[in-house]
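1. A predicted structure for the sequence below; I have some questions about it.
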Amino acid sequence: MQTNGLKVNELSVFYGEKEAVKKVSLSFAPQTVTALIGPSGCGKSTFLRSLNRMNDTIGGVRTTGEIWIDGVNINDPSIDVVELRQQIGMVWQRPNPFHKSIYENIAFGPRYHGIKKKKQLDEIVEDSLRKAALWEETKDRLHNSALALSGGQQQRLCIARSIAVKPKIILMDEPASALDPVSTSKIEELIAELKKEYCIVIVTHNMQQAARVSDRTAFFYMGKLIEADSTEVMFTNPTQKETDDYISGRFG
Ligand SMILES: Nc1ncnc2c1ncn2[C@@H]1O[C@H](COP(=O)(O)OP(=O)(O)OP(=O)(O)O)[C@@H](O)[C@H]1O
């Protein structure tokens, strides 16, 4: 599903008294990949989780500011978060398939959202697995346990699962950091393919990965957004000294 993108306006996130994300404003265009980079503890994951209200599940978190998607501020208390997470999906660092079959992992979300006909579910399962580059490897064992897949395949299954509910935006929190190099490059190829259709925001510790997969890069430091620009500019000619120091490995 297409979107006009996501626009974050002065977003702050507090854990109790601690301000982990400080008045960040940042936009994400459709059909682009944006990498969020920065040293450990700078607030990347907190910021990412706020984009589909996953921080609501953590006690003591307070959020201020606005996050606009297609004319709706998702921080509005009246927002239905289940519906929101259908539009803005999340892929976690460690693959977390349900203890169910491959088929059921994918069919679960669409069924939850009201699709009951088997033929339609079959189509969604195939289409999602194809888009996640996993169909050929799984088409003959759709009813086997998802837990029998390799770690890399499980992560692609989790991506297929998020695609199945037709999101507009896919958030990824270090989606390849628990994977071997071959599985990592498959995930990176997949991201390049998926961006033709979706707006993707990815947190990564891996600077080479950010350079390979993203169109834009945003550098966070101590809860603040220091700088965001095209990935090429960020890696060759950043404006801010902190960005330059970080990408050239002088700290972090
Ligand atoms: N559930 C929580 N409760 C309290 N403080 C938290 C919680 N989660 C994160 N923090 C704090 O918020 C700050 C930002 O953490 P966050 O995990 O967003 O950073 P990060 O840049 O993603 O780090 P990393 O790269 O290590 O995952 C840190 O100081 C962290 O200790």
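-> Looks like it came in fine. Numbers count the residues shown, from 1 in each chain.
2. every contact and neighbour count from this point should use C-alpha atoms.
-> Noted.
3. quick one: the helices in the stretch 51-200 of the chain, in order.
-> 81-87, 102-112, 118-131, 135-138, 151-164, 181-194 (DSSP state H, counting those that start in this stretch).
4. around the ligand, which positions in this protein sit nearby?
-> Y15, A20, P39, S40, G41, C42, G43, K44, S45, T46 (C-alpha under 6 Å from any ligand atom).
5. filter those residues to the buried ones?
-> The neighbour count (16 or more other C-alpha atoms under 10 Å) marks Y15, A20, C42, G43, K44, S45, T46 as buried among the residues of the chain next to the ligand.
6. so the second one is in contact with S40, correct?
-> No. Applying C-alpha atoms under 8 Å as the test, A20 and S40 come out as separate, 11.9 Å apart.
7. looking at the helices of the stretch 51-200 of the chain, which is buried most?
-> Highest mean neighbour count among the helices of the stretch 51-200 of the chain (mean count of other C-alpha atoms under 10 Å): helix 151-164, with a mean of 26.
8. mind exporting it as PDB, just the C-alpha atoms?
-> Output of helix 151-164 as PDB, limited to C-alpha atoms (Å, rounded to 0.1, in the frame of the first residue of the first chain):
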ATOM      1  CA  GLY A 151      17.800 -18.100  11.300                       C
ATOM      2  CA  GLY A 152      18.100 -16.200   8.000                       C
ATOM      3  CA  GLN A 153      15.000 -17.900   6.700                       C
ATOM      4  CA  GLN A 154      13.100 -17.200   9.900                       C
ATOM      5  CA  GLN A 155      14.000 -13.500   9.500                       C
ATOM      6  CA  ARG A 156      12.700 -13.500   5.900                       C
ATOM      7  CA  LEU A 157       9.600 -15.200   7.200                       C
ATOM      8  CA  CYS A 158       9.100 -12.400   9.700                       C
ATOM      9  CA  ILE A 159       9.400  -9.900   6.900                       C
ATOM     10  CA  ALA A 160       6.900 -11.900   4.900                       C
ATOM     11  CA  ARG A 161       4.600 -11.900   8.000                       C
ATOM     12  CA  SER A 162       4.800  -8.100   8.200                       C
ATOM     13  CA  ILE A 163       4.100  -7.700   4.400                       C
ATOM     14  CA  ALA A 164       1.000 -10.000   4.600                       C
END
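9. and it with helix 102-112, angle?
-> 20 degrees (axes from the mean of the first three to the mean of the last three C-alpha atoms, to 10 degrees).
10. contacts for helix 151-164, please.
-> 86, 89-91, 94-97, 102, 105-107, 109-110, 124-125, 128-129, 131-134, 146-147, 170, 175, 179-180, 183-184, 187 (C-alpha atoms under 8 Å, 6 or more residues apart in numbering).
11. run the chain-centre distance for that helix.
-> How far helix 151-164 lies from its chain's middle: 12 Å, per C-alpha atoms, centre = their mean, to the nearest Å.
12. ranges for the strands of the stretch 1-150 of the chain?
-> With strands called from DSSP state E, counting those that start in this stretch, the stretch 1-150 of the chain shows them at 6-15, 18-28, 33-37, 61-69, 72-73, 88-91.
13. among the ones you listed, which is nearest F219?
-> Among these, the nearest to F219 by C-alpha to C-alpha is strand 33-37 (5.0 Å).
14. send the alpha carbons of the closest one over as CSV?
-> What follows is strand 33-37, C-alpha atoms only, in CSV (Å, rounded to 0.1, in the frame of the first residue of the first chain):
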residue,chain,number,x,y,z
VAL,A,33,15.2,3.3,2.9
THR,A,34,16.4,5.5,5.8
ALA,A,35,19.1,4.2,8.1
LEU,A,36,19.2,5.4,11.7
ILE,A,37,22.8,5.2,13.0
